[in-house]
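Trainee: model this:
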Amino acid sequence: MDAKFIGGVVLALLVGIGIGYGLMLAFQPSGGGPSPTETAPPKKVYKIGFTLPLSGSLSSIGKLWERVVDIGIQDLNKRVQAMGCNVEFQAVILDDATQDEKALQNVQTFAQQGIKLVIGPAASSQVKAVKSYADSNHIVIISPSSTAPTLAIPNDYVFRTVGSDALQAKVLATLVNHEGIDKVVVFYRNDEYGNAFADFFKRYFEGEFGGSAALQAYTVDLSDYSSEVDALANTVSSTGAKAVVLISFDTDGANILSHASTNPVLSKIRWFSSEGIHGASEILDPSVASFLVQVKFMGTRPVTMTNVLYEEFKERFKEATGQDPPVFSETLYDAIQIAGMAVLYAGSYDGESIKNALPTVAKNYYGPSGWTLLDENGDKAVQSYAIWAIVETSPGTYEFEDIGTYEGGSIVFQ
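Mentor: Purely as a prediction, here's the structure:
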């Protein structure tokens, strides 16, 4: 192999086009293409299943994720064609309605179609619901947004292109402590994501900062949360809490905040949140957003440190939709890229082979979400966090804005 080719491989690694020597060597064109008298071999088609929350409590971001899938699949096909591979990847998208049972049904449907590689589902409770079936049937699951620490399990078929909430819970506890709050009520979804986040938050807030965190779960998928918000107000009053830490998704969180905005107890204390509600257009409604500005609402969210690839992706997404990409868009995009490359690296559309190839591929890929290196549990190993808030950009107009970062164990505001 000459120096020119080696240099090309190194450049490919740096810009996120390829994944290294083994893949480039294995899939170089063997010659200059078919002769005029030869017929080109048929293109090999690989299908990737996508189980997305196109309806339900995460539909605000799920609908925008469809555009991310379009961009990601287009780029993946351009990538493999540039490498000389006679291969095409196709997306098969199913709506899981942000429901555990539906996500499992989708994965089973994919299996019946011979699909061994699935991106999604979004929620940790859904990932938990599909895990046993995926492991038993050797179906690779790559979730771009599941963060529950309880799913950080080694040597299974579940991978996550985002870090575990074990760290984000610590970041959120650090933020609340930084703001001078020593007593909170954690109001959280009674599901895998909410239960794990609340437990880890309480552990850090009380163990490391000496605070007090009362835990109060709420039932998911209700049409209205007025009675649950009234119960929360009673807990805040009885405990003397100075703030509420909300662990929610989009539609449930927006409904909760709309009721809290008119509650005489809850409208006079601080509010904090995880990333679960970030990007939900419902909370930008002036009636809710003005309340959030009033109570100095702050949240934490996993982010990608600024890089050229993310900025390019962001601009392309905004040109296509008129909006900034919602939370976890970049991790979804990169999940698509490493999924496709893992198929090529494995040399076989086989679940076990793809599973074994993914860590190597991820280790050598850098995309809009940054370095996709995975830890021993198959989760993103390097994760940064931002502090976000709702800001009024002009009279009656509100936007999501990152106002700080978590650096070296401390909160740093911009």
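Trainee: pull the CA atoms of stretch 185-198 into PDB?
Mentor: Extracted C-alpha coordinates of stretch 185-198, given in PDB (Å, rounded to 0.1, in the frame of the first residue of the first chain):
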ATOM      1  CA  VAL A 185     -39.200  18.200  44.900                       C
ATOM      2  CA  VAL A 186     -38.300  16.000  42.000                       C
ATOM      3  CA  PHE A 187     -41.400  15.600  39.900                       C
ATOM      4  CA  TYR A 188     -40.800  12.800  37.400                       C
ATOM      5  CA  ARG A 189     -42.200  10.400  34.800                       C
ATOM      6  CA  ASN A 190     -43.000   7.100  36.300                       C
ATOM      7  CA  ASP A 191     -41.000   5.200  33.700                       C
ATOM      8  CA  GLU A 192     -37.500   3.900  33.100                       C
ATOM      9  CA  TYR A 193     -36.100   7.300  32.200                       C
ATOM     10  CA  GLY A 194     -37.800   9.300  35.000                       C
ATOM     11  CA  ASN A 195     -37.300   6.700  37.700                       C
ATOM     12  CA  ALA A 196     -33.600   6.300  37.100                       C
ATOM     13  CA  PHE A 197     -32.900  10.000  36.600                       C
ATOM     14  CA  ALA A 198     -34.800  10.900  39.900                       C
END
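Trainee: which residues of the stretch 251-400 of the chain score low on pLDDT?
Mentor: The stretch 251-400 of the chain contains no residues with pLDDT under 70.
Trainee: what about the helices in it?
Mentor: Along the stretch 251-400 of the chain, counting by DSSP state H, counting those that start in this stretch, helices occupy 286-294, 308-321, 329-346, 351-363.
Trainee: could you report the neighbour count for Ser287?
Mentor: For Ser287, the count of nearby residues is 11 (other CB atoms under 10 Å). Every residue, glycine included, has its C-beta placed from N, CA and C.
Trainee: please list all residues in contact with the residue minimising distance to the centre of the chain.
Mentor: In the chain, the C-alpha nearest the mean C-alpha coordinate belongs to Ser145, at 2.3 Å (CA atoms, centre = their mean). By CB atoms under 8 Å, 6 or more residues apart in numbering, the residues touching Ser145 are 122-123, 162, 327-328, 331-332.
Trainee: one more pass at 6 Å, please.
Mentor: Ser145 sits next to 122, 328 when contact means CB atoms under 6 Å, 6 or more residues apart in numbering.
Trainee: next one: Val130
Mentor: 103-104, 107.
Trainee: distance of it from Asp221?
Mentor: Distance, Val130 to Asp221, by CB to CB, to the nearest Å: 18 Å.
Trainee: same thing with Val158?
Mentor: On the measure of CB to CB, Val158 and Asp221 end up 23 Å apart.
Trainee: need the longest helix for the chain.
Mentor: Taking DSSP state H as the criterion, the chain has its longest helix at helix 59-82.
Trainee: run through who's touching it.
Mentor: Contacts for helix 59-82 (CB under 6 Å, 6+ apart): 50, 52-54, 87-89, 91, 250, 279-281, 320-321, 326, 329, 332-333, 336-337, 340.
Trainee: burial count for the residue nearest to Glu401 when sequence neighbours are not counted?
Mentor: Once flanking residues are discounted, Glu401 sits nearest to Val391: 4.6 Å by CB to CB, 6 or more residues apart in numbering. Residues lying near Val391 (other CB under 10 Å) number 14.
Trainee: beta partners for Val391?
Mentor: Counting by DSSP bridges, Val391 forms beta bridges with Glu399.
Trainee: thought it was touching Ile403?
Mentor: No: the criterion here is CB atoms under 6 Å, and Val391 misses it with Ile403 at 7.8 Å.
Trainee: how far away is Ile283 from Gln294?
Mentor: Ile283 sits 13 Å away from Gln294, going by CB to CB.
Trainee: ok, those two, which is more surrounded?
Mentor: More crowded of Ile283 and Gln294, by other CB under 10 Å: Ile283, with 25 against 12.
Trainee: ok so, going back, who has more neighbours, Val158 and Asp221?
Mentor: Between Val158 and Asp221, Val158 has the larger neighbour count (other CB under 10 Å), namely 23 against 14.
Trainee: next, the residues that contact stretch 406-414 from outside, please.
Mentor: Residues from elsewhere that reach stretch 406-414, judged by CB under 6 Å, 6+ apart: 171, 174-175, 178, 385, 403-405.
Trainee: at 10 Å instead, please
Mentor: Stretch 406-414 has contacts (CB atoms under 10 Å, 6 or more residues apart in numbering) with 167-168, 170-172, 174-179, 208, 298, 300, 303, 383-387, 401-405.
Trainee: which SS class is Ile93?
Mentor: strand (DSSP: H, G, I helix; E, B strand; the rest coil).
Trainee: and the pLDDT at it?
Mentor: On pLDDT, Ile93 comes in at 98.
Trainee: my read: it touches Phe50, true?
Mentor: Yes: using CB atoms under 10 Å, Ile93 makes contact with Phe50 at a distance of 4.5 Å.
Trainee: mutual contacts of those two, please.
Mentor: Residues touching both Ile93 and Phe50 (CB under 10 Å, 6+ apart): 65-66, 69, 106, 119-120.
Trainee: now tabulate those in JSON lines and tack on pLDDT, neighbour count and distance to Ser274.
Mentor: Below are the shared contacts of Ile93 and Phe50 laid out as JSON lines (pLDDT from 0 to 100; neighbours: other CB atoms under 10 Å; distance: CB to CB, whole Å):
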{"residue": "Trp65", "pLDDT": "97", "neighbour count": "29", "distance to Ser274": "19"}
{"residue": "Glu66", "pLDDT": "97", "neighbour count": "14", "distance to Ser274": "24"}
{"residue": "Val69", "pLDDT": "98", "neighbour count": "20", "distance to Ser274": "25"}
{"residue": "Asn106", "pLDDT": "98", "neighbour count": "26", "distance to Ser274": "25"}
{"residue": "Ile119", "pLDDT": "98", "neighbour count": "25", "distance to Ser274": "22"}
{"residue": "Gly120", "pLDDT": "98", "neighbour count": "30", "distance to Ser274": "20"}
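Trainee: name the nearest residue to Leu309, ignoring sequence neighbours.
Mentor: Closest residue to Leu309 apart from its sequence neighbours, by CB to CB, 6+ apart: Pro368 at 4.8 Å.
Trainee: any idea how far that neighbour is from Thr331?
Mentor: Taken as CB to CB, the span from Pro368 to Thr331 is 9 Å.
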